[in-house]
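Q: kindly generate the corresponding structure for this input.
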Amino acid sequence: MDVDAIHHYLSRSYWAEKMPKGVVAKAIENSLCFGVLLEEVSGVEKQVGFARLITDSATFAYLADVYILEEHRSKGLSKQMMKQIVKHPQLQGLRRIMLATRDAHGLYAQFGFTPLTDEKMFMQLWTPDVYQ
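A: I've put the predicted structure just below:
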């Protein structure tokens, strides 16, 4: 994974704004990660997409930090990445995979994700300004 590229994107995203590079690197190190790489004309691969799952590999996973660079969207890359994620052997047989999104409900619905059935059951400890 290209930590510099991932940090550059995440640190300006709505969900991880100003996240320090060290935090990004630690998150990548402790997650099951997926990258979308495209070969440039020069023959060098460039990372244009990313996703990571925080999981115990037995019962639960949380899908986070999913993105495709703006200039590479609408090419089916997010769908290809999601196909790889949902069929990954380490994620088979889990009871629940969760995610949070502000604007990509349509993408995730194509892969079986639905709104919470009992949102009152779920709670959070949220510190939105932790990177400020």
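Q: from here on, just use CA atoms for contacts and neighbour counts.
A: Noted.
Q: straight-line length of stretch 3-20, end to end?
A: With CA to CA, to the nearest Å as the measure, the ends of stretch 3-20 fall 11 Å from one another.
Q: can you list contacts of stretch 4-20?
A: Lys21, Val24, Gln47, Phe50, Asp65, Leu69, Tyr131, Gln132 (CA atoms under 8 Å, 6 or more residues apart in numbering).
Q: just the buried subset of those, please.
A: Lys21, Val24, Gln47, Phe50, Asp65 (16 or more other CA atoms under 10 Å).
Q: out of those, list just those in helices.
A: Lys21, Val24 (DSSP state H).
Q: how about the buried ones among the contacts of stretch 4-20, which pair is most distant?
A: Farthest-apart pair in the buried ones among the contacts of stretch 4-20 is Lys21 and Gln47; separation 16.5 Å (CA to CA).
Q: re the thing from before, out of the contacts of stretch 4-20, which comes closest to His105?
A: Distance to His105, by CA to CA, is smallest for Asp65 among the contacts of stretch 4-20, at 14.6 Å.
Q: hmm, the closest one is touching Ala51, no?
A: Yes - using CA atoms under 8 Å, Asp65 is in contact with Ala51, at 5.3 Å.
Q: which neighbours do the two share?
A: With CA under 8 Å, 6+ apart, Asp65 and Ala51 have no common neighbours.
Q: show residues contacting the lengthiest strand in the chain.
A: For the chain, the longest strand by residue count, based on DSSP state E, is strand 45-55. Contacting residues not belonging to strand 45-55 are listed as 1-2, 5-6, 28, 30-40, 61-69, 72, 77-78 [CA under 8 Å, 6+ apart].
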